[in-house]
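**Q** below are the sequence and a predicted model for it; my questions follow.
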Amino acid sequence: MSENLSDWIGRTTTAADYLAASPAQRLAATLDKEPRPLADGAALPALAHWLYFLPMERQSALGPDGHARRGGFLPPVHHLPRRMWAGGRLEFLTPLRVGAHVERLSTIKSVKEKAGRSGALVFVTVEHRVSERGGDPAVIEEHDIVYREARPADPSADYPRVPDMQPAWSREIVPDEVMLFRYSALTFNGHRIHYDRPYVVEEESYPGLVVHGPLMATFLTDLLETSAAAPLRRFAFRSMSPMFAGGTLSVNATAPDGEGRSSLWIATEGDRLVMEAQAWL
């Protein structure tokens, strides 16, 4: 394995935070929902833990793409300069609640080199265990990060198409430049592909600002939890193709089956599949 990346398997790091109401309220506003008051003890929605444990690298410690420089906790995949969120799997064991003091234990579970249509790839899977201080885990997450080559985006790529399923619930969302900027600010995400158009076009050869994978996953869980009026028990998602600011997204979910399982997906107006997911209520 290149650069002895396997040496990073098993490494751990911890973080602590306080679950204030304001990040969840700001997320609701970003999703164009009323940011209702949240008293201490109120349950947070699925994926709300992504609003906490935010990175705090000094400005001088950032790389040219706005991410933290390579090394530290994550392996230094120097030969593949592009880093993105590929997907993940989550279990929601108990609700995280406003006002709680929480801890997150992160462990690198695997580092795998692969070859894809865009060239060489390295997938890093990090397990996060989030719990109230001193308690059992409330959320267990496996977070997949992909590193890839600095190749120009291929507009003619044969991306997957939408599944042949009938959604029970659908919503159209246009993630514009302002929404992307607000979500980057909300998650303290300095990755320039989400807000710096000259950089993303000239340096990474994308046609426009790239919509965050976690933001699109949040579109899916918000649609399902709101429509089914039930909390999620499990959620697994995978990014299938990039989405760019200003385009219309179709966010879809099927009705839960007898086991509480729902299929979810996001597609463009041209029926290109952007994200697919499974959820259990």
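**A** In hand now; what should we look at?
**Q** residues in contact with the closest residue to residue 190 other than its chain neighbours?
**A** Setting aside the residues directly before and after it, residue 190 is nearest to residue 66 in space (CB to CB, 6 or more residues apart in numbering), at 3.7 Å. (Each C-beta comes from the backbone N, C-alpha and C, glycine too.) Contacts here follow CB atoms under 8 Å, 6 or more residues apart in numbering; on that basis residue 66 touches 190-192, 196.
**Q** go on, residue 109?
**A** Per CB under 8 Å, 6+ apart, neighbours of residue 109: 9, 125-127, 142.
**Q** which stretch of helix or strand covers it?
**A** Counting by DSSP states H and E, the element that carries residue 109 is strand 101-116.
**Q** what mean pLDDT does that strand have?
**A** What strand 101-116 shows for mean pLDDT is 93.
**Q** so where's the chain uncertain?
**A** Applying pLDDT under 70 to the chain flags residues 1-3, 118, 152-157.
**Q** nearest residue to the middle of it?
**A** residue 214 (2.3 Å; CA atoms, centre = their mean).
**Q** would you map the strands across the stretch 1-150 of the chain?
**A** Assigned by DSSP state E, counting those that start in this stretch, the strands in the stretch 1-150 of the chain fall at 12-18, 82-92, 101-116, 119-132, 137-148.
**Q** tell me the strands beside the first one, with direction?
**A** In the sheet, strand 12-18 lines up against strand 101-116 (antiparallel) (DSSP bridges).
**Q** that older thread, show the buried residues in the contacts of residue 109.
**A** Buried subset of the contacts of residue 109 (neighbour count, 16 or more other CB atoms under 10 Å): 125-127, 142.
**Q** any idea how far the strand or helix carrying residue 220 is from the chain center?
**A** For residue 220, the element it lies in under DSSP H and E is helix 213-228. The chain centroid and the centroid of helix 213-228 are separated by 11 Å under CA atoms, centre = their mean, to the nearest Å.
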